[in-house]
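Colleague: Make a model of this:
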Amino acid sequence: MSLIMQVSFIHRLSRWIKRSLSILFALSFTTVLLLNHLTPVTAQMSPSPMGEIRGVWLTNNDFDILSDRAKLQDTIAQLRRLNFNTIYPVVWNDGYTKYPSAVAKRAGIPFYFKGREGQDIIADIVNQARNQGVLAIPWFEFGFMAPLTSELAANHPDWLTQKQDGTQTSISAAGEVAWLNPFHPEVQQFISDLVLEIITKYNADGIQFDDHMSLPVDFGYDKYTVNLFTQETGNPPPSNPHAQAWKQWRADKITAFMMQLNRAVKARKPNAIFSVSPNYYDFAYKFQLQDWLNWVRLGVVDELIVQLYRNDLESFNSKLISPELLETKQLIPTGVGIMTGLRNRPVPMHQIQSQVRAAQQQGLGVTFFYYESLWDYAQEPVAQRQAGFQEIFPNPVVRDTSQIIARKPSFNTLSVPLYTKGSLGQRGRGYFMELSVAGGQPKRVLIDTGSSGLRVPPGFLGNAPINRTGQIIKEVLSDGTVLEGELAYTIMQIGFIPTDEPVPVQIVTSRQCLPQKPNCSAKSGAAFSGIIGVNYGEKALPYNPLRKLPGNLSSGFIVSGNSGGKNNGNLILGLTANNREGFRMVPLSQQAAINDVPGHRWDSQINGVCLTIAGSALKNTCNSKMVVDTGASNAFTEIKSAALMGKLKPGRLRPENSVKVTIPGVLDYSVKPGNRDGFNVWNVNLSTKAENPVSVNSGIGFFDKYDVLFDPVNGQQGFRSRS
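Modeller: Residues are numbered from 1 along each chain as shown. Sure thing, here's the model as predicted:
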């Protein structure tokens with residue numbers, strides 16, 4: 001457990017004493033809240049499902065008590081009388097387990113920590129706590145940290161990571177420590193096996209991780225991680241460990257592991273409390289790659305206790321109203337860690353009481369570091385200290401784990417980057433977003449506002465379950481490309497956000513061009529890079545998969561282009577009052593429902609659009625219909641009557657044929673036709689069989705000048721000028 005204070009350690013007379021009494025103290029602070037591309041504008045709020053946290057950590061320094069059954073029983077009884085409701089006994093520390101572990105034994109780790117009567121200490125703690133109505137949440141203290149001299153490090157040197165200069169250790173108040181590589185699959189399996197062993201073996205109320213379920217930002221330059229980063233990004237890691245993309249990549253990998261670990265724990269015990277006790281967020285992310293605020297938002301964390309060890313009450317109080325705590329306490333039971341003293345540095349009771357009351361006034365629980373310092377190291381008499389705790393906890397508060405249920409991600413909205421290049425074939429200018437299908441590796445697929453449904457090649461699929469229907473379907477794209485393949489159902493994931501349930505996807509195995517459009521995108525033979533059609537005017541399956549994102553993320557989206565530059569655009573998922581600001585809205589026409597397509601269907605063609613093309617009979621013709629389409633690399637107009645064409649001939653417009661598209665009071669868009677694909681190329685087609693007299697597809701160039709909002713709930717599209 002981390003402290004900002006200097007700690008005097010007991011001189012260890014033997015290796016056994018070192019193993020049994022070591023304890024980690026380290027904590028640093030900084031003040032800037034970091035937000036990444038998965039950060040919400042606002043978070044969904046819900047009442048906390050459990051009572052106030054009143055906890056205490058049981059550390060290696062409490063070993064004399066933990067190993068004695070009678071003392072342990074008296075300890076838990078005394079805590080219960082003082083209206084504590086949670087204890088956190090250490091189970092993983094200094095490279096050793098505090099219980100007989102088959103997992104540790106397989107890794108070559110010896111066991112030293114039996115009770116005085118040969119009993120399993122952790123089993124005794126959990127059983128006695130349960131008998132007395134106190135939650136026992138084993139504390140996985142060292143996380144990915146282990147001494148370089150431990151059997152774990154010696155037996156598995158390939159599990160360790162390192163700094164850029166090859167150094168494998170960092171210096172902490174606990175001494176020199178090494179770090180297990182959190183990106184290595186064998187390390188992840190080892191940690192997962194230990195955690196699941198605790199949950200299963202002891203039927204514990206949960207598991208807690210602290211600031212060491214992380215990695216110091218200077219680490220990650222081992223061979224395995226360097227190769228993995230290079231393989232996934234195409235570049236080696238930068239020499240600056242604080243480079244944002246490199247830092248985010250490592251933090252995201254740890255986040256992905258924590259999501260996987262949470263799922264595994266919940267599969268064994270659905271109401272197990274997945275607790276995290278980190279440093280506060282700005283330090284945790286910047287220096288420990290521990291993006292715990294995203295863990296909370298992603299539904300991974302059931303309980304949060306932020307370590308806040310300060311003597312100054314004003315400084316302490318300022319941290320209680322940090323944005324991350326204000327957000328988190330609306331979602332899950334949240335508390336702060338408070339220092340109650342050290343062997344050589346007691347903390348007065350009046351300081352403890354003032355900090356607890358300040359936390360309680362903010363709706364926060366507390367957990368004390370650590371048990372023996374509650375009253376044994378104090379300057380005040382034991383009775384006076386215990387009376388002081390009775391004052392701050394005058395009435396019992398029961399914590400009911402039956403109310404722990406799986407939470408959906410709490411993002412109200414999030415921003416996803418849109419790239420200019422796909423993962424495979426490049427079809428000219430386009431916007432591509434990263435997603436994974438059936439648990440596969442993230443791939444960049446074309447985002448298409450002019451079509452509906454997810455369509456990917458077989459190589460994009462992972463090993464997650466896929467329900468194959470055997471139904472072969474076809475989709476004709478606007479450029480005449482025909483996609484053919486089987487309809488199946490599986491989970492789609494954007495970043496860390498999976499769909500609520502399997503969505504329909506076309507597994508494309510064949511592409512060809514329509515005879516009347518022989519120059520379609522399939523002609524080149526380039527690999528198919530996948531398409532996610534996000535239109536809400538589905539004509540058949542598959543439907544727009546964004547409909548199945550969790551919570552408010554399914555309420556609509558905004559496409560914000562890159563103005564033709566090299567920077568990424570953004571896809572903003574989830575509509576809120578904040579991100580709707582500045583948009584001018586137009587209504588869409590509702591379409592008849594289709595079986596198996598959820599929600600309302602809307603005609604994506606906007607009515608009452610005015611079109612003017614110089615040199616034609618189209619002079620402010622306001623009965624046109626328009627589709628705004630990221631999937632069309634060039635804009636085009638389809639005209640049913642030759643009379644409206646005037647002297648124009650089908651094909652590409654010339655510069656003198658300037659185009660103006662307006663919706664009164666909403667948008668005024670002008671283009672001087674040219675030769676730059678995706679920017680100013682505008683084609684005119686004459687089709688006597690066209691559905692409408694005049695149809696306009698403004699193409700991807702339109703998104704250089706306008707942000708476009710799609711609202712499937714109210715049947716609206718919005719436009720906001722970017723000039």
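
Colleague: Just list what the top helix by length along the chain packs against, helices and strands only.
Modeller: Across the chain, the longest stretch assigned as helix under DSSP state H is helix 244-268. The contact analysis (3 or more Cβ pairs under 8 Å, 6 or more residues apart in numbering; DSSP states H and E) places helix 244-268 against helix 185-202, helix 223-233, strand 273-277, helix 292-297. For glycine as for every other residue, the C-beta is placed from the backbone atoms N, C-alpha and C.

Colleague: repeat that for 6 Å
Modeller: If you count contacts as 3 or more Cβ pairs under 6 Å, 6 or more residues apart in numbering; DSSP states H and E, helix 244-268 packs onto helix 185-202.

Colleague: pLDDT weak spots in the stretch 301-450 of the chain?
Modeller: 425-427 (pLDDT under 70).

Colleague: Please enumerate the strands of it.
Modeller: 303-307, 334-339, 341-342, 345-346, 365-369, 414-418, 432-437, 443-448 (DSSP state E, counting those that start in this stretch).

Colleague: Can you lay out the ones you listed as CSV showing distance to residue 154 and mean neighbour count?
Modeller: Shown next, in CSV, are the strands of the stretch 301-450 of the chain (distance: least, Cβ to Cβ, whole Å; neighbours: other Cβ atoms under 10 Å):
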stretch, distance to residue 154, mean neighbour count
strand 303-307, 30, 26
strand 334-339, 32, 25
strand 341-342, 31, 23
strand 345-346, 34, 15
strand 365-369, 30, 25
strand 414-418, 43, 21
strand 432-437, 37, 23
strand 443-448, 40, 23
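
Colleague: would you turn the ones you listed into CSV with distance to residue 680?
Modeller: Listed next are these as CSV, based on distance: least, Cβ to Cβ, whole Å:
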stretch, distance to residue 680
strand 303-307, 52
strand 334-339, 53
strand 341-342, 70
strand 345-346, 71
strand 365-369, 60
strand 414-418, 20
strand 432-437, 22
strand 443-448, 21
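
Colleague: Of all these, which one comes closest to residue 550?
Modeller: Ranking the strands of the stretch 301-450 of the chain by their distance to residue 550 (criterion: Cβ to Cβ) puts strand 414-418 first, at 11.1 Å.

Colleague: tell me which strands and helices the closest one is in contact with?
Modeller: Against strand 414-418 (3+ Cβ pairs under 6 Å, 6+ apart) you get strand 569-573.

Colleague: so what does the following helix or strand past the strand it packs on touch, helix or strand wise?
Modeller: Per DSSP states H and E, the first helix or strand lying C-terminal to strand 569-573 is helix 577-580. With contacts defined as 3+ Cβ pairs under 6 Å, 6+ apart, helix 577-580 has no helix or strand neighbours.

Colleague: List the contacts of residue 352.
Modeller: residue 340 (Cβ atoms under 6 Å, 6 or more residues apart in numbering).

Colleague: now do residue 288
Modeller: Per Cβ under 6 Å, 6+ apart, neighbours of residue 288: residue 214.

Colleague: Got the confidence number for it?
Modeller: Predicted confidence (pLDDT) for residue 288: 97.

Colleague: cool, and residue 9?
Modeller: pLDDT, read off for residue 9, is 32.

Colleague: Now the spatially most central residue of the chain: closest residue in space, sequence neighbours ignored.
Modeller: Taking Cα atoms, centre = their mean, the centroid of the chain lies closest to residue 496, which sits 4.5 Å from it. Once flanking residues are discounted, residue 496 sits nearest to residue 298: 5.3 Å by Cβ to Cβ, 6 or more residues apart in numbering.

Colleague: swap in residue 543?
Modeller: Nearest non-adjacent residue to residue 543 (Cβ to Cβ, 6+ apart): residue 597, at 4.6 Å.

Colleague: Share the number of residues neighbouring that neighbour, please.
Modeller: 20 (other Cβ atoms under 10 Å).

Colleague: and the nearest residue to residue 262 once chain neighbours are set aside, what does it touch?
Modeller: Of all residues not flanking residue 262 in the chain, residue 300 sits nearest, at 4.6 Å (Cβ to Cβ, 6+ apart). Contacts for residue 300 (Cβ under 6 Å, 6+ apart) come out as 258, 259, 262.

Colleague: which one of these is nearest residue 684?
Modeller: residue 259 (50.4 Å).

Colleague: quick one: the residue nearest to that closest one when sequence neighbours are not counted and residue 712, what's the gap?
Modeller: Distance criterion Cβ to Cβ, 6+ apart; nearest residue to residue 259, sequence neighbours excluded, is residue 300 at 5.6 Å. Distance of residue 300 to residue 712, given as Cβ to Cβ, to the nearest Å: 29 Å.

Colleague: which residues of the stretch 501-650 of the chain fall in strands?
Modeller: 503-513, 531-534, 557-560, 569-573, 584-587, 590-591, 601-602, 606-613, 621-627, 635-639.

Colleague: The last one pairs with which strands?
Modeller: The reference is to strand 635-639. strand 682-686 (parallel), strand 694-697 (antiparallel) (DSSP bridges).

Colleague: Please apply the same query to the third one.
Modeller: Paired strands of strand 557-560, with direction, are strand 569-573 (antiparallel), strand 706-711 (antiparallel) (DSSP bridges).
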